[in-house]
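Novice: pasting the structure only:
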Ligand SMILES: CCC(=O)SCCNC(=O)CCNC(=O)[C@H](O)C(C)(C)COP(=O)(O)OP(=O)(O)OC[C@H]1O[C@@H](n2cnc3c(N)ncnc32)[C@H](O)[C@@H]1OP(=O)(O)O
């Protein structure tokens, strides 16, 4: 079986407290190909879609959405026999602005609150990365902070020509708290990762393609996603899953230990003076 062990795990108490931080308007939904009305379903018969929305916050993740991401992964694990791929996409032409700062400021600004968020999201994104499925983040609009980290949990990134990615954590007085630093180093190497994390600049699609962060850039993001994923969907799901497991096994042996260290450093910084000042700078309506 593909079941993996991870060093950073969410606790039942983290999940229940985060689940209460949100509304019906912010959500993560899973669309399975068998029951889906999403437009790509007929072209990609073995592809699940994780779709997230928080319209008033550029799809930033509330606590509820963090818990619902785990729910979506649970449901994917129950449907594996028919799946080869999973796509992550934000609603309304945006990817994700990271953690919902309104929620973070009100409920998660303590060290323990930050640690709970980091456990839940590092665990969720490790689970996503560890699925025996080819995973793709479809990026439109902006992927910022935790949203940029979210993109690194996927095997591939398909970026709209106008999309931007920014690892702004240093401006927030922290390091990535969703496991994104280790994944970024894996993806683009030590030097590019340090530049992206330390300079906190917005990276456009052209640059992302140049440094190997993006795999495809296109104006028509849906057509590009179908074209990219079609060959994976034409193989038997169990064969694709075997391939993904073999590749992940070769790549992820020591990776989990890196995630544990990153989580530890994030905990040192979240809730500290620079982080509290950054949270306070965010205007509250
Ligand atoms: C793991 C730790 C973390 O992730 S900490 C969070 C780090 N994230 C950020 O700092 C992202 C801050 N947001 C931005 O930079 C911009 O909003 C981005 C995403 C680039 C979008 O820009 P733009 O398209 O011009 O929209 P905008 O700035 O006018 O925002 C629209 C409304 O959305 C809100 N919003 C945005 N991001 C968040 C967020 N992370 N949490 C809560 N609310 C957020 C803005 O405040 C704005 O709200 P309003 O319409 O003015 O009421």
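Specialist: Received it, and whenever you're ready, just let me know what you need. Not measured: the values here are computed from a predicted model.

Novice: the host helix or strand of residue 196 close to the ligand?
Specialist: Using DSSP states H and E, residue 196 sits within helix 190-199. No: using CB under 6 Å from any ligand atom, helix 190-199 stays clear of the ligand, with a minimum separation of 12.4 Å. The C-beta positions use only the backbone N, C-alpha and C, and glycine is treated the same way.

Novice: report all helices and strands that that helix contacts.
Specialist: helix 180-188 (3 or more CB pairs under 8 Å, 6 or more residues apart in numbering; DSSP states H and E).

Novice: now do 10 Å
Specialist: When contacts are defined as 3 or more CB pairs under 10 Å, 6 or more residues apart in numbering; DSSP states H and E, helix 190-199 sits against strand 164-166, helix 180-188, strand 203-204, helix 205-210.

Novice: would you list every one of the helices in the stretch 151-285 of the chain?
Specialist: 180-188, 190-199, 205-210, 221-233, 237-251, 255-269, 273-281 (DSSP state H, counting those that start in this stretch).

Novice: single out the most deeply packed of the ones you listed.
Specialist: helix 180-188 (a mean of 22; mean count of other CB atoms under 10 Å).

Novice: and residue 94, backbone torsions?
Specialist: phi -130, psi 150 (degrees, to the nearest 10).

Novice: pretty sure it contacts residue 56?
Specialist: No: judged on CB atoms under 10 Å, residue 94 makes no contact with residue 56 at a distance of 11.4 Å.

Novice: looking at those two, which one has more neighbours?
Specialist: residue 94 (24 against 12; other CB atoms under 10 Å).

Novice: residue ranges with poor pLDDT in this protein?
Specialist: 1-4, 36-37, 253, 283-285 (pLDDT under 70).

Novice: around the ligand, pick out the residues from it.
Specialist: Counting by CB under 6 Å from any ligand atom, the chain sits next to the ligand at 57-58, 60, 97-102, 142, 144-146, 168, 172, 177-178, 285.

Novice: narrow these to just the buried residues.
Specialist: The neighbour-count test (16 or more other CB atoms under 10 Å) marks 57-58, 60, 97-102, 142, 144-146, 168, 172, 177-178 as buried among those.
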